[in-house]
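Fold the stuff below for me.
(one chain, ligands or ions: 2)
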Amino acid sequence: MKTDTPPTIYLKDYTAPAYLVDTVDLDFVIATGATTVSATLAMRRNPAVAAQPLVLDGEELETLSVAVDGEKVPFSTTPTTLTIADLPDAFTLHTVVRIDPDRNTRLSGLYRSKDGYFTQCEAQGFRRITWFLDRPDVMSTYTVTLHADKATYPVLLANGNPVASGEEADGRHWATWNDPFRKPAYLFALVAGKLDGLFDTFQTASGRSVQLAIYVEPGKLDQCPHAMAALQKSMKWDEERFGLECDLDHYMIVAVGDFNMGAMENKGLNIFNTKYVLARADVATDVDFENIDRVVAHEYFHNWTGNRVTCRDWFQLSLKEGLTVFRDQEFGADLHNRQTARIREVRGLRAAQFPEDAGPMAHPIRPASFVEINNFYTSTVYEKGAEVIRMIQTLIGRDGFRAGMDEYFRRHDGQAVTCEDFVAAMAAASGFDFTQFMRWYNQPGTPHLAVDSVFEAKTGRYTLHIKQSNPRASDNHPYLIPIRIALFDAGGQIIAGSDRTLLLTENSQQFHFDGIAAEPVPSLLRDFSAPVVLDYAYTPQQLTLLLAHESDPFNAWEAGQRLASTLILDATAAIAAGQAPVWPASFVDAARRLLQTQAERGAAFVAEALTLPGESTLAEALDIVDPDALHAARNSLRRHLAEQLEGEFAGLYAGLAPHGAYTPSSEEAGRRALRNTCLAYLLELNTPAVRQLALQQFRSADNMTDQFAALAALAQTECTERETALAEFYQRWQHEALVVDKWLAVQSGSRLPDTLATVKRLTGHPAFDIGNPNKVYALLRNFGANLARFHTPAGYAFLAEQTQLLDGKNPQVASRLARCFDRWKKFDGERQKHARLALESIRDHQGLSRDVLEIVNRALG
Ligand code: PHE
Ligand code: ZN
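Numbers count the residues shown, from 1 in each chain. Ligands and ions are numbered 1, 2, ... in the order given. Have a look, this model is predicted:
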């Protein structure tokens, strides 16, 4: 059975709303089995648009009554629309609907989770709550009353400020909230539940006091202080860096265990996946702590970049997301370690966004069309979007960027705007012409730069010749690309005056450097100044020099990654041809020098530099991927390093032993990262002594970072200690949902040959629940990212089956799972045959959602 083709929605078809909603009054009577929603909307015709009937959006609503100005009126409905004709220019619309949050497994709209009722309205969940003009350019002020059983749902929250509350019959109670800020429906939220609260305050720069609250499942208050501190730090940082003060009297965060995404910036009432709130040293890793800092900051920063100024339509999603990711990256860099933050951002971009931009889901950061908007909450819109904002800052400088932000808010506070509006504010404040730059918003694909160099000893002139191309783009017009560079002399010093930002504006362009005494080593794209793939025929000697001497930590790291990539890709070809890989001594020497300089360069940097490029990143450099050969090659290099540097790894492991009790500082986190990197290399030797060492660390660690690192390393190693540690870990942490997710993820991500069988078995384990997105991501999606173990006929068939099973419950999450197939055409013919069959089986599944259908059609198409 083929599902009907769902319609495609185009940016070029945008029209302003025919009606506006000034105020919204909502009354929720929450009860098991059904919730009744009464809505009173003060509406008027949009004077800028021709008169036409009112068409409201709705989904899975049982309509009980519809009245205009107190009178019943004729109306017509489809499953997703309610139409009323012949309306006056201004009127009050009153509707009553019944919804069933207890059976809402999509986790969009109003739904039940363990401790109560929660909402998720971005992008189009509000229409699952009441009939409405569910689009971001319709902004209203909201007053919300909730009624619920008092003992079961003692906490009743909505956006804004508490207005009144009281008791009612049958042990029930009610509360009314008012949000004075106009907002689009996607920022609406309510919560009714049994929750514990952690309370604090924040004094803004102008002396206002903001009441802060974090609500969590009962018994988890001791896992909230880190998120509270992160919130306070974010508030302060936004005042200092961007002059942006909190406008709210109440800022609430509620954590929920069932959540499709990371977190949501609802006005004054953020709703978070527990993963980005709960943390305590024994249950959360250093990476978790840092992620919480960034996600808390991200949602807080949205209050200005997203809420005060919002998107005109969903094609503009990167307006708020790219900008807000850039802001949270900058916050994270200031709070922790700017050097490794940048390295990790780029590592993440290459692992997820570059493959996306080269695959069937490639789209511009501002897409021109979509079938299902939820499919466009992507690393392109978010992470590439942030890179585009970062380039704007590179082009006009930090002060220019700040002036542009000021101008953006001066022009657009309270409005729903477009990406052009943002860039126009940047242009006005800086005088920079961004006309050519807009290509970054309008084209899919990663630009490639091919760089050649010529040195003329006679004239002392060094010339870089740079060509750009983007085969995914619709035409071959050039991008404007800022390229930071420096030239290094043979001693590893920057040649004076060579440190600059080149502006590439042509498809092919030359840049001259005069007065150069000897052929230099170019360090190109420092700090990753543009999201491009750069080819230059570096020699291993040049890369070794940059790895040792480049003062830009990103490009020092990058030199190491280039060295390793070349070796692994060559070895992949060798292994595929039945030969043994060869590893040059120079690479081992470079790695040894890195280990020796950890004190000067920082443990965190050295840990990053010793981490080889990931398999999915390496795969992008190949035309046809043999995942077994690639996997064998990368592992062989890891093992070779372990054999050659065993003494160094062991020495550093001992030398970096914790000084005392765990502290979450970046300094200590860096030491742990390097020490655990050493342990993982040592485990490549798979000797009884090292296995014992890992088990010993696993058992004695006073923090999750070290405990989990030992478990993760053991999980990659076939041995009895592995099984012991996995069993002990589950035994100890089975009641901590987020720790159980880690336990699932180390198994689904394991390189052991029987991983598929393990994952299948775990789908039947009591720890797994296909209705919980975190569990699906940990077990199933993480398996789909396991290059060597997923890309097999049986792996394809398994994830196809799971995607179909999940689609009936939660299409948004199923659609994210289906994306594991994105790169199927990069594999050999035999694999492709099986991947195609798997994709076709999903496509032909009866009643398939449009979410998954869009992904599968694109993949097959
Ligand atoms: N807007 C959220 C964020 O980026 C993400 C999100 C999208 C959450 C859709 C839920 C649903 O912070
Ligand atoms: Zn966001």
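
so how far is ligand 2 from the most centrally placed residue in the chain?
By Cα atoms, centre = their mean, the chain has its centre lying nearest to Ser379, at 6.1 Å. Per Cβ to the ion, to the nearest Å, Ser379 is found 13 Å from ligand 2. Just so you know, the C-beta spots here come from the backbone N, C-alpha and C atoms, and that holds for glycine as well.

wait, doesn't that residue sit right on Ala352?
Yes: counting by Cβ atoms under 8 Å, Ser379 touches Ala352, with 4.4 Å between them.

excluding its backbone neighbours, what's nearest Ile770?
Spatially, and ignoring its direct neighbours in sequence, Ile770 is nearest to Leu806 (5.8 Å; Cβ to Cβ, 6 or more residues apart in numbering).

any idea how far the one you found lies from Gln598?
Using Cβ to Cβ, to the nearest Å, we find Leu806 at a distance of 44 Å from Gln598.

Let's verify the residue in the chain that ligand 1 sits nearest to: helix, strand, or coil?
Nearest residue of the chain to ligand 1 (Cβ to the nearest ligand atom) works out as Met261 at 3.6 Å. Secondary structure, DSSP: H, G, I helix; E, B strand; the rest coil: Met261 is coil.

Tell me which residues of the helix or strand of the chain at the bottom of the mean pLDDT ranking come out buried.
Here the helix or strand of the chain ranked lowest by mean pLDDT, DSSP states H and E is helix 598-601, holding a mean of 95. Buried residues in helix 598-601, counted by 16 or more other Cβ atoms under 10 Å: Gln598, Arg601.

for the particular helix or strand that has Thr143 in it, what is the average pLDDT?
Here Thr143, judged by DSSP states H and E, is contained in strand 139-149. Regarding strand 139-149, the rounded mean pLDDT is 98.

what packs against it?
Other helices and strands packing on strand 139-149, by 3 or more Cβ pairs under 8 Å, 6 or more residues apart in numbering; DSSP states H and E, are strand 19-31, strand 155-158, strand 172-184, strand 190-193.

if we go to 10 Å?
strand 19-31, strand 34-45, strand 116-120, strand 155-158, strand 161-168, strand 172-184, strand 190-193 (3 or more Cβ pairs under 10 Å, 6 or more residues apart in numbering; DSSP states H and E).

Adding mean neighbour count, write those strands out as TSV.
Output for these, formatted as TSV (neighbours: other Cβ atoms under 10 Å):
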stretch	mean neighbour count
strand 19-31	19
strand 34-45	18
strand 116-120	25
strand 155-158	26
strand 161-168	12
strand 172-184	20
strand 190-193	26
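
Go through those and name the closest to ligand 2.
Ligand 2 sits nearest to strand 116-120 of all the helices and strands packed on strand 139-149, at 13.3 Å, using Cβ to the ion.

in its sheet, what does that closest one sit against?
Take DSSP bridges as the rule and strand 116-120 pairs in its sheet with strand 109-113 (antiparallel), strand 190-193 (antiparallel).

residues of the first one that come out buried?
What that stands for is strand 109-113. Gly109, Leu110, Tyr111, Arg112, Ser113.

from the chain's centre, how far out does the lengthiest helix in the chain sit?
When the chain is parsed with DSSP state H, its longest helix is helix 385-412. With Cα atoms, centre = their mean, to the nearest Å as the basis, helix 385-412 stands 22 Å off its chain's centre.

Show me what it is packed against.
With contacts defined as 3+ Cβ pairs under 10 Å, 6+ apart, helix 385-412 has these neighbours: helix 225-242, helix 317-335, helix 338-348, helix 419-430, helix 439-442, strand 481-488, strand 500-504.

name the helices or strands packed onto whichever helix or strand comes after that helix?
Note on helix 385-412: by DSSP H and E, the next helix or strand toward the C-terminus is strand 416-417. Where contact means 3+ Cβ pairs under 10 Å, 6+ apart, strand 416-417 is packed against strand 310-311, helix 317-335.

hmm, who's touching strand 416-417?
135-139, 182, 184, 309-313, 316, 319-320, 408, 411, 424-425 (Cβ atoms under 10 Å, 6 or more residues apart in numbering).
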